[in-house]
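Student: Need a 3D model of the following:
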Amino acid sequence: MGVRHVRVLVADPFESSGLAGLTAAGCEVIADPGLSGDALGVALAETAAEVLVVRSTKVTAAIMDAGHLALVVRAGAGYNTIDVTAASARGIYVSNCPGKNSIAVAELVFGLMIGLDRRIPDNVDALRAGHWDKTEFAKARGLYGRTLGLLGFGNIAQEVARRAQAFGMDLAIWARRFESPGSVDFARYGLEVSGRESHIAVAATPAEVAAQADILSIHLALGPETSGLVDAALLAELRPGAMLINTSRAEVVDHDALAAAVRDRGLRVALDVHPDEPSTGSADFSEPLMALPGVYGTHHIGASTEQAQEAIAAETVRIVRTFKETGRVPNVVNLARRTPATHLLVVRHRNRPGVLAHVFDRLRAEGINVLETENVIFEDAEAAVARINMDGPLSEAQVAALSEGNENIVSLQLVAF
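Tutor: Numbers count the residues shown, from 1 in each chain. The predicted model follows:
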């Protein structure tokens, strides 16, 4: 059997270890980190790349149509810059690298949290301006014993929660996965649940978290349910002077309402994500919220540590190598969660040529579409069982005709979902 040739186009900055790993996996690698828009489409057409690796570059339907893609890998966790619906309609896998940047983002959350509490950036600015004001900057509440509210409880929030316990903080958590708050086993997430002065509370709503929180940290994926979720009503639940930290997606927060809360109620805010961020690494940028006192910002650098980027590069290589060697794709985000099939046909058969071809031909003749199939081979390869998911039923007569049409079919079973 010949070695499968896979051509990979890398359209964003990518670690040298990742490029070397892709090459070592037997891929032909074309790295052009300046590609985007029409230029990316042209490159896909010219290179005939089967795999596209991106970070922040947008991948639209038009870009997909320009080439012959089979797989788009987001070298990171979020994939909102990829038109996943368009990819699904074209049979293109979309894969990501979840959890590989969780520690890096959690570390930034605590950097921002401590920075807000001790006003570290303002301290530095005053000293650089030649001004000493120990009396003013000595005012800080500290983090020990305070309540950290978490909206969302994915990989990053879990890392934040574990570090919060080390700081002696209480936790108030809301996540859609916690439908029965009283039954959550936090020990499985690496949290201490007994023998501590601090405690963990699970809230029924985001507003309930905000009402308990001294510091609210947002860890939500962007979707129809979360866009604008942190609005004026939720911000009103925060006590005056509370902190808000967002390292997830800017669109989760109503920034006009947040600016009003900063002005009117003294909220202190730290943001790593911003509306209308530049698409390049260096550019002019203005966000009115950043001009308000008590608001700090970083340049969407949550995942940008060497450790995180190396881990993401290694995971990207694993995804592409698995695709190349097996045809399977780890971490796929756009497969159907549940097959739309209505019926299952189970075919026990002798492992001989033409059995499944016969079954598929008869199904086609009956107007039945095969949605998914697998064929499991028994030891010694003398027999097999095929499971065929279909979009419609078969009559008893049709099942009988299938069975009688090939002597190597042992039995047939039809199951309705």
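
Student: Packing partners of the helix or strand of the chain with the lowest mean pLDDT?
Tutor: Scoring the helices and strands of the chain by mean pLDDT, DSSP states H and E places helix 396-404 at the bottom, with a mean of 86. Counting contacts by 3 or more Cβ pairs under 8 Å, 6 or more residues apart in numbering; DSSP states H and E, helix 396-404 packs against helix 355-365, strand 409-416. Using the backbone N, CA and C atoms, a C-beta is placed for each residue, glycine as well.

Student: 6 Å instead?
Tutor: strand 409-416 (3 or more Cβ pairs under 6 Å, 6 or more residues apart in numbering; DSSP states H and E).

Student: partners of the strand it packs on, with directions?
Tutor: For strand 409-416, sheet partners with direction are given as strand 343-350 (antiparallel), following DSSP bridges.

Student: Quick one: residues contacting the closest residue to Val105 other than its chain neighbours.
Tutor: Nearest non-adjacent residue to Val105, counting by Cβ to Cβ, 6 or more residues apart in numbering: Gly302, 4.0 Å away. Gly302 makes contact with 105, 108, 247, 272, according to Cβ atoms under 6 Å, 6 or more residues apart in numbering.

Student: Which positions within stretch 370-383 qualify as buried?
Tutor: For stretch 370-383, a neighbour-count test (16 or more other Cβ atoms under 10 Å) marks 370, 383 as buried.

Student: picking that back up, pull the most distant pair out of the contacts of Gly302.
Tutor: Pairwise distances across those peak at 8.0 Å for Val105 and Asp272 (criterion: Cβ to Cβ).

Student: and for those two, which residues touch both?
Tutor: By Cβ under 6 Å, 6+ apart, the residues touching both Val105 and Asp272 are 247, 302.

Student: Now do the least confident helix or strand of the chain: everything it contacts.
Tutor: The contact list for helix 396-404 (Cβ under 6 Å, 6+ apart) reads 362, 366, 409, 412, 414.

Student: top of those residues by neighbour count?
Tutor: Per-residue neighbour counts (other Cβ atoms under 10 Å) across these peak at Ile409, which has 19 neighbours.

Student: That residue pairs with what?
Tutor: Under the criterion used (DSSP bridges), Ile409 bridges to His349.

Student: repeat for Gly149
Tutor: Under the criterion DSSP bridges, Gly149 forms beta bridges with Ala172, Leu216.

Student: likewise Val253?
Tutor: The partner residues for Val253, given DSSP bridges, come to Val230.

Student: next one: Gly297
Tutor: Counting by DSSP bridges, Gly297 forms beta bridges with Leu271.

Student: follow-up on the earlier one: now distance to His131 too, for the contacts of helix 396-404, in a markdown table please.
Tutor: Converted to a markdown table, the contacts of helix 396-404 look like this (distance: Cβ to Cβ, whole Å):
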| residue | distance to His131 |
| --- | --- |
| Arg362 | 86 |
| Glu366 | 84 |
| Ile409 | 88 |
| Leu412 | 85 |
| Leu414 | 82 |
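
Student: Which one of these is nearest to Ala283?
Tutor: Ranked by distance to Ala283 (Cβ to Cβ), the contacts of helix 396-404 are led by Glu366 at 59.0 Å.

Student: how close does the closest residue to the closest one other than its chain neighbours sit to Leu363?
Tutor: Once flanking residues are discounted, Glu366 sits nearest to Gln398: 5.8 Å by Cβ to Cβ, 6+ apart. As judged by Cβ to Cβ, to the nearest Å, Gln398 and Leu363 stand 9 Å apart.

Student: Repeat that for Phe417.
Tutor: From Phe417 over to Leu363 (counting by Cβ to Cβ), the distance is 17 Å.

Student: now swap in Asn369 and tell me
Tutor: For Asn369, the distance to Leu363 (Cβ to Cβ) stands at 8 Å.

Student: The two: which is more packed in?
Tutor: Leu363 (19 against 12).

Student: So what does the nearest residue to that one once chain neighbours are set aside look like in phi/psi?
Tutor: Nearest-residue entry for Leu363: Val370, 6.1 Å, with adjacent residues in sequence omitted and distances by Cβ to Cβ, 6+ apart. Main-chain dihedrals, Val370, degrees, to the nearest 10: phi -90, psi 120.

Student: So Gly41 lies in a strand, does it not?
Tutor: No - checked against DSSP: H, G, I helix; E, B strand; the rest coil, Gly41 lies outside a strand; its state is helix.

Student: Isn't it up against Ala66?
Tutor: Yes - using Cβ atoms under 6 Å, Gly41 is in contact with Ala66, at 3.4 Å.

Student: follow-up on the earlier one: tell me how far the residue nearest to Glu366 lies from Gly111.
Tutor: Where Gly111 is concerned, Gln398 sits at a distance of 66 Å (Cβ to Cβ).

Student: now Val8
Tutor: 34 Å.

Student: Report how many residues lie close to Arg119.
Tutor: Neighbour count for Arg119, taken as other Cβ under 10 Å: 19.

Student: how long is stretch 172-189 from one end to the other?
Tutor: Using Cα to Cα, to the nearest Å, the end-to-end distance of stretch 172-189 comes out at 15 Å.

Student: Met390 and Leu344 touch, don't they?
Tutor: No - in this structure, Met390 is not within contact of Leu344 by Cβ under 6 Å, at 7.3 Å.

Student: Those two: who's more crowded?
Tutor: Met390 (22 against 16).

Student: sorry, back to before: arrange the contacts of Gly302 in a markdown table, one row each, with neighbour count, pLDDT and secondary structure as further columns.
Tutor: Shown next, in a markdown table, are these (neighbours: other Cβ atoms under 10 Å; pLDDT from 0 to 100; DSSP: H, G, I helix; E, B strand; the rest coil):
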| residue | neighbour count | pLDDT | secondary structure |
| --- | --- | --- | --- |
| Val105 | 24 | 96 | helix |
| Leu108 | 23 | 98 | helix |
| Thr247 | 24 | 97 | coil |
| Asp272 | 23 | 97 | coil |
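
Student: Many thanks, have a good one.
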